[in-house]
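Asks: Fold the following and give me the result.
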Amino acid sequence: MFESLPSYAQQAMGDLLSDLYFLDDCVGEFEVLIQEAARADLRSKRLMEMPGISSTTASALFACISNGHDFKAGHQFSVWLGLTPGQYSSGGRARLGRIMKAGDAYS
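Replies: The predicted model follows:
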């Protein structure tokens, strides 16, 4: 496929691919560091005992919420995550809809 391209395009594509491989290696190294840091932290270990929570997710949660004292209740945390149903109220009657998924974009 590269052979059909002009020589300057081949050079540019080769350079870009080598940069991509380098960055991919860097990401892999950072993933290993995140896993090691999560395994060393007691709070992350406790989170990772829950189904579906990996070292990456546990690290991201602690990076966003620190110790979690900003939330007065678990419900506030679930609202922040965007895991609560939407509420549609009319005429004094509350109706709950689907999960809004409108929480913090990073988490």
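Asks: so where do the strands sit in the protein?
Replies: Under the criterion DSSP state E, strands of the chain are mapped to 85-90, 93-99.
Asks: What about residue 32, how many residues nearby?
Replies: For residue 32, the neighbour count with other Cβ atoms under 10 Å is 11. The C-beta positions use only the backbone N, C-alpha and C, and glycine is treated the same way.
Asks: An error on my part: the question was meant for residue 38.
Replies: For residue 38, the neighbour count with other Cβ under 10 Å is 22.
Asks: ok, now residue 58?
Replies: Residue 58, neighbours per other Cβ under 10 Å, totals 24.
Asks: if I pick it, what's in contact with it?
Replies: 38, 41, 43, 44, 47, 48 (Cβ atoms under 8 Å, 6 or more residues apart in numbering).
Asks: mind checking how far it is from residue 35?
Replies: According to Cβ to Cβ, to the nearest Å, residue 58 and residue 35 sit 10 Å apart.
Asks: now swap in residue 76 and tell me
Replies: 29 Å.
Asks: of these two, who's got more company?
Replies: residue 35 (17 against 13).
Asks: what's the nearest residue to that one if we skip its chain neighbours?
Replies: residue 55 (4.4 Å; Cβ to Cβ, 6 or more residues apart in numbering).
Asks: Can you point out the buried residues in the lengthiest helix in the chain?
Replies: Ranked by residue count under DSSP state H, the longest helix found in the chain is helix 7-40. Within helix 7-40, the residues that qualify as buried are 34, 35, 38, counting by 16 or more other Cβ atoms under 10 Å.
Asks: Can you name every helix or strand that that helix contacts?
Replies: Helices and strands touching helix 7-40, by 3 or more Cβ pairs under 8 Å, 6 or more residues apart in numbering; DSSP states H and E, are helix 42-48, helix 55-65.
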